[in-house]
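A.B. asks: Got a sequence here, can you build the structure:
(2 chains)
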Amino acid sequence: KQEVTQIPAALSVPEGENLVLNCSFTDSAIYNLQWFRQDPGKGLTSLLLIQSSQREQTSGRLNASLDKSSGRSTLYIAASQPGDSATYLCVPGGGSSNTGKLIFGQGTTLQVKP
Amino acid sequence: EPEVTQTPSHQVTQMGQEVILRCVPISNHLYFYWYRQILGQKVEFLVSFYNNEISEKSEIFDDQFSVERPDGSNFTLKIRSTKLEDSAMYFCASRRAGQPQHFGDGTRLSIL
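C.D. replies: Numbers count the residues shown, from 1 in each chain, chains lettered A, B, ... in the order given. Reported below is the predicted structural model:
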């Protein structure tokens, strides 16, 4: 059964800092891993998708890495801005379920202070 | 870019009433999902649907819940007799084979 743990649960940083969000998952038989952003009371915005054969993906100030064998992923945010304040969700796709259901963790809630 | 559309964005219903949440998946997608998120909690899988039948459902998805793809474009979630604890944000998602899921913006369901 897939379980996802994200550390830290909450993070508050001053604007401009580089930061790393950590994710671990128990079932490494995944097809891909997505990082989502969720603003309070809103939907899920996909930020990055890493296929299981890839090691990392980059989009602007975001870089996500994947170590499938150890069940870990990190999201690196460079030069953080107040607009980055949100909850970030790491979501491995696939695993032992062949229906493609996604298992979510609690996420990391980020606050970037001006 | 095509997107998953959910209606309504907010639904308020009296306890015990039936409610239908509607989703229009992306047109060439074949796999469909419902998730829910109770306020302050994590997103939880409810059900997956493929080839006009449920392929997997969670413990949450009991006899009060049903899903249907009535006309080849809509994908609906019905809650037969709503309870207070059904209050949550409900997300629909769809995907093609081998591709990631695309999510709708969600329907906020409030049970009074």
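A.B. asks: Ends of stretch B:57-73, what's the gap?
C.D. replies: Start and end residues of stretch B:57-73 are separated by 21 Å (CA to CA, to the nearest Å).
A.B. asks: What are the buried residues along that stretch?
C.D. replies: Neighbour counts over stretch B:57-73 (16 or more other CB atoms under 10 Å in any protein chain shown) mark B:Lys57, B:Ser58, B:Ile60, B:Phe61, B:Phe65, B:Val67, B:Arg69 as buried. Every C-beta, even on glycine, is put in place using the N, C-alpha and C of the backbone.
A.B. asks: do stretch B:88-101 as well
C.D. replies: B:Ala88, B:Met89, B:Tyr90, B:Phe91, B:Cys92, B:Ala93, B:Ser94, B:Arg95, B:Pro100, B:Gln101.
A.B. asks: In terms of model confidence, name the weakest of the residues you listed.
C.D. replies: Minimum pLDDT across the buried residues of stretch B:88-101 is recorded for B:Pro100, with 85.
A.B. asks: helix, strand or coil for that one?
C.D. replies: Using DSSP: H, G, I helix; E, B strand; the rest coil, the secondary structure recorded for B:Pro100 is coil.
A.B. asks: shouldn't it be in contact with A:Leu48?
C.D. replies: No: checked against CB atoms under 8 Å, the pair B:Pro100 and A:Leu48 is beyond contact range at 10.5 Å.
A.B. asks: Common neighbours of the two, please.
C.D. replies: A:Gln34 (CB atoms under 8 Å, 6 or more residues apart in numbering or on different chains).
A.B. asks: sorry, back to before: out of the buried residues of stretch B:57-73, who's nearest chain A?
C.D. replies: Using CB to the nearest CB, B:Ser58 comes nearest to chain A of the buried residues of stretch B:57-73, at 8.1 Å.
A.B. asks: does the closest residue to the closest one other than its chain neighbours have beta-bridge partners, and which?
C.D. replies: Distances taken as CB to CB, 6 or more residues apart in numbering or on different chains place B:Phe45 nearest to B:Ser58, at 5.2 Å, with adjacent residues excluded. Per DSSP bridges, the residues bridged to B:Phe45 are B:Tyr35.
A.B. asks: hey, what's the residue positioned nearest the centre of chain A bridged with?
C.D. replies: For chain A, the residue nearest the mean C-alpha position is A:Cys90 (3.2 Å; CA atoms, centre = their mean). Using DSSP bridges, the beta-bridge partners of A:Cys90 come out as A:Trp35.
A.B. asks: do you know how far it is from B:Phe65?
C.D. replies: 27 Å (CB to CB, to the nearest Å).
A.B. asks: Likewise for A:Val13?
C.D. replies: Counting by CB to CB, the gap from A:Val13 to B:Phe65 is 41 Å.
A.B. asks: same thing with B:Thr82?
C.D. replies: From B:Thr82 to B:Phe65 the distance is 11 Å (CB to CB).
A.B. asks: pLDDT averaged over stretch A:1-19 - what is it?
C.D. replies: For stretch A:1-19, the per-residue pLDDT averages 94.
A.B. asks: Start and end of it, how far apart?
C.D. replies: Rule used - CA to CA; the end-to-end distance of stretch A:1-19 is 30 Å.
A.B. asks: low pLDDT regions in chain B?
C.D. replies: Across chain B, nothing is flagged by pLDDT under 70.
A.B. asks: how about B:Glu68, phi and psi?
C.D. replies: The phi/psi pair for B:Glu68 (degrees, to the nearest 10) reads phi -150, psi 150.
A.B. asks: Tell me which residues touch the nearest residue to it once chain neighbours are set aside, please.
C.D. replies: Nearest non-adjacent residue to B:Glu68, counting by CB to CB, 6+ apart: B:Thr76, 5.1 Å away. Under the criterion of CB under 8 Å, 6+ apart, the contact list for B:Thr76 reads B:Ile20, B:Leu21, B:Arg22, B:Cys23, B:Val67, B:Glu68, B:Arg69, B:Pro70.
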